[in-house]
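Student: The sequence and its predicted three-dimensional model are supplied below.
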Amino acid sequence: MIWTRFELPESGPDGDRISAMADDAMAAAIWGGLVLVPHNDSVLEDLESLVIRIGGRCRIAADLRKTFSETRCAIAILNAGAERVLLPAATNGDAGEVLDAGRFWTGGESDRMTANIGSDTELVPVVHSTSAVREISGILKSERNVVWSGAADHPGLIEAFWNSLKIDSPDGLVPTLVVDQLGTALGLAWSSRESFTDAVANRRGCYWSRSRQELWIKGRTSGSEQRLVSVGTDCDRDTLRFVVDQGGSGFCHEGSWGCFGEDRSLSEIERHVTARITGDDAQSFSRRLVNDPDKLREKLLEEAGELSAATSREEAIWEMADVLYFALLALRKQGGNLADVRTELARRMHRVERRTEKKLDANGTQTPPGIN
């Protein structure tokens, strides 16, 4: 897996600074992982805010070797949503007691990290130059980690990733599974070296049309454009997976969201509810509830109470469906979506708890629970 180094700026304008950093960081995370690097203690607060903003949307490690002063700093970054922290080689033993096994890297050199991955120890190289294209390809083929210190869309890095794929077809094409941000399969396309390079460089859905024998940029004629969020492979490295932000009516040329017909997925249910909210039918129950905050709150509380009082599997399923429906109305009313919720839950997966600490935030209120 490729982890891209992303260095936090030492200074910058206030206001939308974190938002701008988050956009830049997510662009760098197209390969799936980020190593965030603060250069001094003054930006540690920025680092925590950034991890909270993008945690759950990609895999995050934080390089704290230049700023690390105490274990609780590492814990704060993990609780914000980082998967790992990189600590100085000579770290107080307390870190091993507080952090879960496999949650931290150590390292004294800038070009190597010792990664504790489960029960194994792996030496993770940090590559600075595309002269190491062959080295990067070899690392990826052997299913190891590599940290890339450069632009995420550097042509040499794109070439290294493509060269790491197992390509058996005589035409040199690679099957590409296209999914939305909830993981719903939209369709199967094909990637050539040229289309893959275009897709990563321009962060868009670009494929190879076998029927027309030319590049196919999704949405150029239909308007249903795709923003490429991340790129990955299957375990055999012979199939690509593109995670995309799908726009317009969807991926299928017949006008549906995906090419596999109605799948009754959460993604489809969310689109249906959204259509009811934003439609022209003034008698729509969904639309009327969204426009009546007191009634919506009443229904949420009522159904949550009935779920907590459920005494059978069937009753729990029925009441959970009610809760999910009304919660989805409240979520969409505020502009959120289920992909945002998935991201937030994923961010909380990496929380670490001190046994002696209460889970209170700066205002003395209970912090959101992790997923343990």
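Tutor: Everything's here; your move.
Student: Tell me which residue lies farthest from the centre of the chain.
Tutor: Taking CA atoms, centre = their mean as the measure, the residue most remote from the mean C-alpha position of the chain is residue 283, 37.7 Å away.
Student: Give me the secondary structure label for that one.
Tutor: Assigned by DSSP: H, G, I helix; E, B strand; the rest coil, the conformation of residue 283 is coil.
Student: any weak-confidence spans in the stretch 251-372 of the chain?
Tutor: Counting by pLDDT under 70, the stretch 251-372 of the chain shows low-confidence ranges at 353-372.
Student: mind listing the helices for it?
Tutor: Chain-ordered helices for the stretch 251-372 of the chain, with DSSP state H, counting those that start in this stretch as the definition, fall at 266-278, 285-290, 293-308, 313-333, 338-348.
Student: got a pLDDT number for the most centrally placed residue in the chain?
Tutor: Compute the mean C-alpha point of the chain, and by CA atoms, centre = their mean the closest residue is residue 57, 2.0 Å away. If you check residue 57, the pLDDT there is 91.
Student: got a list of contacts for stretch 29-36?
Tutor: With CB atoms under 8 Å, 6 or more residues apart in numbering as the contact definition, stretch 29-36 has outside contacts at 1-6, 8, 25, 28, 47, 50-51, 54, 57-63, 82, 86, 145, 147-148, 152-153, 161, 200, 203, 228-232. Yep, even glycine has a C-beta here, placed from its N, CA and C like the rest.
Student: Send me stretch 153-172 as PDB with only the CA atoms.
Tutor: Below are the C-alpha coordinates for stretch 153-172, written out as PDB (Å, rounded to 0.1, in the frame of the first residue of the first chain):
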ATOM      1  CA  ASP A 153      -0.100  12.300  -9.000                       C
ATOM      2  CA  HIS A 154       3.500  12.200 -10.000                       C
ATOM      3  CA  PRO A 155       3.800  10.400 -13.400                       C
ATOM      4  CA  GLY A 156       6.500   8.100 -12.000                       C
ATOM      5  CA  LEU A 157       4.400   7.000  -9.100                       C
ATOM      6  CA  ILE A 158       1.400   6.300 -11.400                       C
ATOM      7  CA  GLU A 159       3.700   4.300 -13.600                       C
ATOM      8  CA  ALA A 160       5.000   2.300 -10.600                       C
ATOM      9  CA  PHE A 161       1.500   1.500  -9.400                       C
ATOM     10  CA  TRP A 162       0.400   0.400 -12.900                       C
ATOM     11  CA  ASN A 163       3.600  -1.800 -13.300                       C
ATOM     12  CA  SER A 164       2.700  -3.500 -10.000                       C
ATOM     13  CA  LEU A 165      -0.500  -4.900 -11.500                       C
ATOM     14  CA  LYS A 166      -0.900  -8.400 -12.800                       C
ATOM     15  CA  ILE A 167      -2.100  -8.000 -16.400                       C
ATOM     16  CA  ASP A 168      -3.000 -11.200 -18.200                       C
ATOM     17  CA  SER A 169      -5.100  -9.900 -21.100                       C
ATOM     18  CA  PRO A 170      -3.400  -9.600 -24.500                       C
ATOM     19  CA  ASP A 171      -4.900  -6.100 -24.900                       C
ATOM     20  CA  GLY A 172      -3.300  -4.900 -21.700                       C
END
